[in-house]
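> what follows is a predicted protein model with its sequence.
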Amino acid sequence: MHIIMVKKILADGSPCKKCGEVLAKMEADDQLKYINDVLIADERDAESAGMLLAKKLGVERAPFFVVTQDDGTQTVYTVYLKFVKDVLNKVVSEKEELQELLQNSPDLDFL
């Protein structure tokens with residue numbers, strides 16, 4: 001298995017807030033050891049490796065993870081906790097997962 005993490009640099013040159021939060025969480029939980037490559041999607045450079053990969057895969061949010069299995073199949077994760085649960089096989093509370101889903105989807109709301 002090969003895992004790529006893509007994080008974003010915004011047009012003003014500042015790091016993506018969510019990317020920083022996810023990176024800090026991964027460092028705290030000793031999960032970076034599972035990441036094979038980290039690519040930067042620099043909004044100031046459409047040809048940056050992360051921007052090219054995002055375009056190729058049709059991904060519009062960061063951070064995201066591309067998991068390539070040994071048989072070549074790829075899965076893209078745009079929700080960090082789903083990635084942790086499905087790929088790293090770590091226990092994630094339903095509350096945490098739902099909170100992240102709501103944060104990443106402003107069009108969703110509680111009824």
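Here it is on my side, so go on.
> helix, strand, or coil at M26?
State at M26, reduced to three classes by DSSP: H, G, I helix; E, B strand; the rest coil: helix.
> and it, what does it touch?
By Cβ atoms under 8 Å, 6 or more residues apart in numbering, the contact set of M26 is 32, 35. For glycine as for every other residue, the C-beta is placed from the backbone atoms N, C-alpha and C.
> likewise for V76?
With contact taken as Cβ under 8 Å, 6+ apart, V76 is in contact with 57, 59, 64-67.
> and the pLDDT at E100?
pLDDT, E100: 61.
> about what we covered before: in strands, which of the contacts of V76 fall?
The subset of the contacts of V76 located in strands under the criterion DSSP state E comprises 64-67.
> so which of those is the closest to V87?
Among the ones in strands among the contacts of V76, V67 lies closest to V87 (Cβ to Cβ), at 5.4 Å.
> so what's the closest one up against?
Taking Cβ under 8 Å, 6+ apart as the contact definition, V67 lies against 1-3, 74-77, 83, 87.
> what do you get for M1?
The neighbours of M1, taking Cβ under 8 Å, 6+ apart as the test, are 67-70, 87.
> which two in the residues you listed are spaced the farthest apart?
Set against one another by Cβ to Cβ, the contacts of M1 have their most distant pair in D70 and V87, with a gap of 13.5 Å.
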